[in-house]
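Chemist: Pasting a predicted model and its sequence here:
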Amino acid sequence: MADSCKSTAGVLAGFILVLATACPILAQKTPVYSLGALVDSARRHLPLLLEKQALVESARAGITEAKDAFLPQLNVVEELSVGSANDLTGPFLPVPGVVHSIAGSINAASNYQAVTGNMASLYGQYDLVTFGLKDARVANARAYAGLTQADLAKARYLVSWDISRLYFNILSHRYQLAVDQEDVRRHDSMYTISTALTGSGVNPGVDSSLARAGLSRTRVRYNEALGELNRLQDQLAYLTGISNPGIGMDTSTAVPTLALPEENLNPLLDYFAKQKQQYDAQEQLARKSYLPRVVLGAGGWARGSSIQYSNVYESPGEGLGYQRLNYLAGVGLTYDLFNGVHRRDRLNVLTQQVQAADYAMQQQQLSLRNQQVQADESIRTARANLDELPAQLQAATSAYQTKLAQYRAGIINLVDVLTAAFELTEAQTGYIQTLNEWYTASLDKAAATGNLDLFIQTIK
C-alpha cells in the first residue's frame, strides 16, 4: 500500500491543483473536518452507538450483580395478628392461601373468641458450598460484558467503515462536480463561438443549434451531479450529526503514506469470538446450576399470645408482648432429583449454540479473507490505470485546445471540437473514478485486515 501511495501522490496533487484552480467548487468556506473528526462525531452522536454503549455499562453492572447474588440472606419479620385459634392437628400441603397452624386447638369445642399474637423473627441463610456455581455465574456475567463490548466495537467499526466510504464518495463527487462545471464552461464557450461564426455566415446555423444542445446536456449532467453530492452530504450529516452546510473536507494530505500491517485484531472477528466465549460460559453455568447446594441457615424468633399455657384466654393486650424466645441453626443439602434431565436438555441447547457461533466466526473469516483478495486485485488494477491515465489526460487536454483553436479559425467543424471536449471530460472522469476505486479498495483492505482505525488516522 505504501508504494502505491508514493506513486500516486504526485499525480493526485497535480490533478487536484488543476481542478482547484479551474473550479471554485473545491474552495470550501465551511468548517473543515478530517475523516477522523467525522468518525469521532458519529461515535458521540449516533443513537445506535450510544445505545450499545449503554448496554455495555449495563453488562458491567451485571458483573457486580452476579457477585452480590451470593451474599448471605438476612430476613427480619415482625408480625402482629388478631383472629381465632380454632384449628385441628394434622398435615397439609403448602398450597397458596391462608397458612394454617400445624398445632391444633386446645379445646374440644369450637371457640371463635378473638385472640392476639405478636411474633418477631430473624433468619439468615448462606450458600455454604455452591460447587463452583458462584464462579460460573460471575464468569458468565463477565463473558456477556465482553460480548456487549465487542458488539459496540463491531458497530463502531462498521459505522467508521461506512463513513470512510461515504467520505471518499463525496470527495469523488466533488471532483466530478468540478469536472462537470468545467465542461459546462467549455460548452458555453463553444456556443458563444459558434453563435458568432454563424452570425457572420462563416459556419452554418446547425452549428449553433448543436452547440446549444451540448450546453444543455452538460448543464443537466452538472445538476444531476450536484443533486447526488447533496444526497451524499445529507447521509454524512445523518451519521455524524454535523449539519450539511457545516461539512467540509480537508484534502490537503488525502493520500495515505503509512504502510499498514497485513493483519490486526479485527472487531468483526472479535465479536464472534466473544459470542462463542459467552456460549461457553453459559454452558459452564448450566453444568454448575444443576449441582446440589449446601445451605447454612440460622434464625431465632420471639412470640407472644393472649392464650396462656393454662388454657386461659386473656385480654387481647396480653398478646402484644414477647413471651417465648427460640433459636435454630442447621446445615441443609438440597438437590432436585430431576436435575440430571434438566441439565442434559439445557446442555443440548447450548452445545448447538456454541457450534453455531463457531460456524459464524468461520464464515466471517472467510468473508474477510475474500474481501482482502478482492481489494488487492482492485488496488493492482487501479494502480496500473493511475500510471497510464495522466498521459491520457494530458493528451486529451492538448487535443481539445488544438481543436478549439482550429474551430475559431474556421478550419474544422463543431463536431470535431465536441468530440475532443467529450474525450477530455471522459479522461478527467476516468481519472476521478479510478482514484476513488484505489481509495475504496485500500479502505476495504484496511477494514478486512483490522487496520481501519489506523487507515483513518492517515487521512488528515
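Modeler: That came through fine.
Chemist: from here on, contacts and neighbour counts on C-alpha atoms
Modeler: Will do.
Chemist: and residue 78, what element?
Modeler: strand 73-83 (DSSP states H and E).
Chemist: Please, where are all the strands along the protein?
Modeler: For the chain, strands defined by DSSP state E occupy the ranges 73-83, 115-129, 293-305, 324-334.
Chemist: So which elements touch the first one?
Modeler: Yep, that's strand 73-83 we're talking about. strand 115-129 (3 or more C-alpha pairs under 8 Å, 6 or more residues apart in numbering; DSSP states H and E).
Chemist: Name the residues of stretch 306-313 that come out as buried.
Modeler: Neighbour counts over stretch 306-313 (16 or more other C-alpha atoms under 10 Å) mark 306-307, 313 as buried.
Chemist: Now find how far off-centre it is within its chain.
Modeler: Distance of stretch 306-313 from its chain centroid, counting by C-alpha atoms, centre = their mean, to the nearest Å, is 72 Å.
Chemist: what does it contact?
Modeler: 106, 115-117, 314-320 (C-alpha atoms under 8 Å, 6 or more residues apart in numbering).
Chemist: Could you tell me the end-to-end distance of that stretch?
Modeler: The first and final residues of stretch 306-313 sit 6 Å from each other (C-alpha to C-alpha, to the nearest Å).
Chemist: Just the buried residues from the contacts of stretch 306-313, in ChimeraX please.
Modeler: Provided next is the ChimeraX selection string for whichever of these are buried by 16+ other C-alpha under 10 Å:
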select :106,115,116,117,318,319,320
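Chemist: Tell me the strands beside the strand holding residue 78, with direction?
Modeler: Next to strand 73-83 in the sheet, as set by DSSP bridges, lie strand 115-129 (antiparallel).
Chemist: Report the distance from the strand it pairs with to the chain centre.
Modeler: 49 Å.
Chemist: For that strand, could you pull out the residues that count as buried?
Modeler: 115-121, 123, 125-128.
Chemist: how about these in JSON lines, adding pLDDT?
Modeler: Formatted as JSON lines, the buried residues of strand 115-129 follow (pLDDT from 0 to 100):
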{"residue": "115", "pLDDT": "81"}
{"residue": "116", "pLDDT": "83"}
{"residue": "117", "pLDDT": "82"}
{"residue": "118", "pLDDT": "84"}
{"residue": "119", "pLDDT": "83"}
{"residue": "120", "pLDDT": "86"}
{"residue": "121", "pLDDT": "88"}
{"residue": "123", "pLDDT": "86"}
{"residue": "125", "pLDDT": "87"}
{"residue": "126", "pLDDT": "86"}
{"residue": "127", "pLDDT": "86"}
{"residue": "128", "pLDDT": "86"}
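Chemist: With distance to residue 64 added, can I get the contacts of stretch 306-313 in CSV?
Modeler: Shown next, in CSV, are those (distance: C-alpha to C-alpha, whole Å):
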residue, distance to residue 64
106, 52
115, 47
116, 44
117, 41
314, 52
315, 52
316, 48
317, 47
318, 48
319, 44
320, 42
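Chemist: what's near enough to touch residue 83?
Modeler: Neighbour list for residue 83: 113-116 [criterion: C-alpha under 8 Å, 6+ apart].
Chemist: Show the pLDDT at it.
Modeler: Note on residue 83: pLDDT of 79.
Chemist: Residue 10 now?
Modeler: Listed pLDDT for residue 10 reads 46.
Chemist: Kindly state the domain boundaries assigned to the chain.
Modeler: Here the domain assignment for the chain is 2-65+137-278+345-458, 72-84+115-128+293-334, based on automatic domain parsing.
Chemist: Show me the shaky parts of the stretch 201-350 of the chain.
Modeler: Low-confidence segments of the stretch 201-350 of the chain (pLDDT under 70): 201-205, 244-263.
Chemist: Correct me if wrong: residue 125 contacts residue 71.
Modeler: No: taking contacts as C-alpha atoms under 8 Å, residue 125 lies outside contact range of residue 71: 9.1 Å.
Chemist: about what we covered before: just send the strands of the chain back as JSON lines, with distance to residue 222 too.
Modeler: JSON lines is the format used below for the strands of the chain (distance: least, C-alpha to C-alpha, whole Å):
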{"stretch": "strand 73-83", "distance to residue 222": "75"}
{"stretch": "strand 115-129", "distance to residue 222": "76"}
{"stretch": "strand 293-305", "distance to residue 222": "76"}
{"stretch": "strand 324-334", "distance to residue 222": "79"}
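Chemist: Show me the helices in the stretch 301-450 of the chain, by range?
Modeler: Shown for the stretch 301-450 of the chain, the helices assigned by DSSP state H, counting those that start in this stretch span residues 339-408, 414-448.
Chemist: quick one: contacts for residue 285?
Modeler: So residue 285 contacts 133, 136-137, 140 (C-alpha under 8 Å, 6+ apart).
Chemist: Then residue 44?
Modeler: Neighbour list for residue 44: residue 50 [criterion: C-alpha under 8 Å, 6+ apart].
Chemist: in this structure, which residue is closest to the centre?
Modeler: In the chain, the C-alpha nearest the mean C-alpha coordinate belongs to residue 155, at 1.8 Å (C-alpha atoms, centre = their mean).
Chemist: my read: it touches residue 49, true?
Modeler: Yes: between residue 155 and residue 49 there is a contact at 6.8 Å, judged by C-alpha under 8 Å.
Chemist: Return the most buried member of the domains of the chain.
Modeler: Highest mean neighbour count of the domains of the chain: domain 2-65+137-278+345-458, a mean of 18 (counted as mean count of other C-alpha atoms under 10 Å).
Chemist: Relative to the whole chain's centre, how far out is it?
Modeler: Relative to its parent chain, domain 2-65+137-278+345-458 has a centroid offset of 21 Å by C-alpha atoms, centre = their mean.
Chemist: Could you do stretch 449-460 as well?
Modeler: Here stretch 449-460 is found 18 Å from its chain centre; the criterion is C-alpha atoms, centre = their mean.
Chemist: likewise stretch 306-326?
Modeler: Chain-centre distance of stretch 306-326: 67 Å, with C-alpha atoms, centre = their mean.
Chemist: Hmm, residue 328 is touching residue 302, no?
Modeler: No: contact criterion C-alpha under 8 Å: residue 328 and residue 302 do not qualify, at 12.0 Å.
Chemist: Provide a list of residues in contact with the residue lying closest to residue 149 once chain neighbours are set aside.
Modeler: In space, and not counting its chain neighbours, residue 149 is closest to residue 56: 5.6 Å by C-alpha to C-alpha, 6 or more residues apart in numbering. Applying C-alpha under 8 Å, 6+ apart to residue 56 gives the contacts 145, 148-149, 152.
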